[in-house]
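Okay, sequence plus prediction incoming.
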Amino acid sequence: MNTRIITISREYGSGGRSIGEMLATAADIPYYDKQIVHLAAEKGGLSPDVIENTDESIPSTFRQRLTYTDANLMGMDALAYYSTPTTDKVFLAQSEVIREIADEGPCIIVGRCAGYVLKNRDDVFSIFIHANTEDRLQRGIDQYGLSAEDAIDMLRKIDKSRINYYRYYTNRTWGNVKDYDLALNTSFTGIEGAVNVIKAMLTEGINWRNR
């Protein structure tokens, strides 16, 4: 597999995390998901607990939208950074970490608008993983030990959170296929099938940027 930076955005219960882990193992490259929380804590001078509690969330009150292009964490005026809402501090810190991770070489990054944060790079392959609602709910029941009712509540809550988070920080629509290089339905491909599709595309060296 011709390794590059792969970003994965995923619906709850679609298997996106498993796909990312399997791809990282196959390519022998770093995998980043929750690790970004601790790296961002160091970068932004915030506690890991604070970042964990505000991870992929937006301010509770309406205000002017802030995107990673509006300010660079390391270049912000100290007073401006101090007055920035914690949720935005977390986003800025995570975005800075994502860019640094990408600079280090091939890797897999899951969530946190990584595809958008790195959209100006020509070595990024962005993927959106989705699945049928029934299969997503069943995954919640089988893998996370949820009741059918809790699985429904969790799916709605997490999807809503990711939709709002992506829209707030990118001004775009989460799941819009135009924002990704590849969208896969794991209800059709299965988890291993999705991994094989991605590996085949990268192994064959498809000129996906110029097609």
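Nice, I can see it. Residues are numbered from 1 along each chain as shown.

what's the distance between the longest helix seen in the chain and the middle of its chain?
Looking across the chain with DSSP state H, the single longest helix is helix 148-170. Computed by Cα atoms, centre = their mean, to the nearest Å, the chain-centroid distance of helix 148-170 equals 13 Å.

Can you point out the buried residues in it?
Of the residues in helix 148-170, Ala151, Met154, Leu155, Asp159, Arg162, Tyr165, Tyr166, Tyr168, Tyr169, Thr170 count as buried by neighbour count, 16 or more other Cβ atoms under 10 Å. For glycine as for every other residue, the C-beta is placed from the backbone atoms N, C-alpha and C.

Check whether Ser9 sits in a helix, strand or coil.
strand (DSSP: H, G, I helix; E, B strand; the rest coil).

Check what pLDDT the closest residue in space to it that isn't next to it in sequence gets.
Distance criterion Cβ to Cβ, 6 or more residues apart in numbering; nearest residue to Ser9, sequence neighbours excluded, is Phe128 at 5.0 Å. As predicted, Phe128 sits at a pLDDT of 97.

go on, the one 10 residues further on?
At Gln138, the predicted lDDT confidence score is 95.

any low-confidence regions in the protein?
By pLDDT under 70, the weakly predicted segments of the chain are 1-3, 44, 47-84, 205-211.

One more pass at 50, please.
Across the chain, the ranges flagged by pLDDT under 50 are 61-82, 208-211.

Of all residues in the protein, which one is nearest the centre?
Note on the chain: the residue nearest the mean C-alpha position is Gly111, at 1.1 Å, using Cα atoms, centre = their mean.

ok so, going back, I'd like to know which elements the longest helix of the chain is packed against.
Applying 3 or more Cβ pairs under 8 Å, 6 or more residues apart in numbering; DSSP states H and E, we find helix 148-170 packed against helix 114-117, helix 133-144.

how about the next helix or strand after that helix: buried residues?
Counting by DSSP states H and E, the next helix or strand C-terminal to helix 148-170 is strand 182-185. By neighbour count on 16+ other Cβ under 10 Å, the buried set for strand 182-185 is Leu182, Ala183, Leu184.

still on that earlier bit, specify the stretch among the helices and strands packed on helix 148-170 that is closest to Ile198.
Ile198 lies closest to helix 114-117 among these, at 14.1 Å (Cβ to Cβ).

roughly how far apart are Lys89 and Gly45?
9 Å (Cβ to Cβ, to the nearest Å).

which one of the two has more residues nearby?
For Lys89 versus Gly45, the count of surrounding residues by other Cβ atoms under 10 Å is larger for Lys89: 23 against 9.

Next, the buried residues of the host helix or strand of that one.
Per DSSP H and E: Lys89 is located in helix 86-104. Residues of helix 86-104 classed as buried: 87-99, 101-102 (neighbour count, 16+ other Cβ under 10 Å).

Would you mind getting the angle between it and helix 148-170?
In terms of direction (axes from the mean of the first three to the mean of the last three Cα atoms, to 10 degrees), helix 86-104 departs from helix 148-170 by 80 degrees.

and helix 86-104, what does it pack onto?
Checking 3+ Cβ pairs under 8 Å, 6+ apart, helix 86-104 ends up next to helix 35-44, helix 48-54, strand 107-110, helix 114-117.
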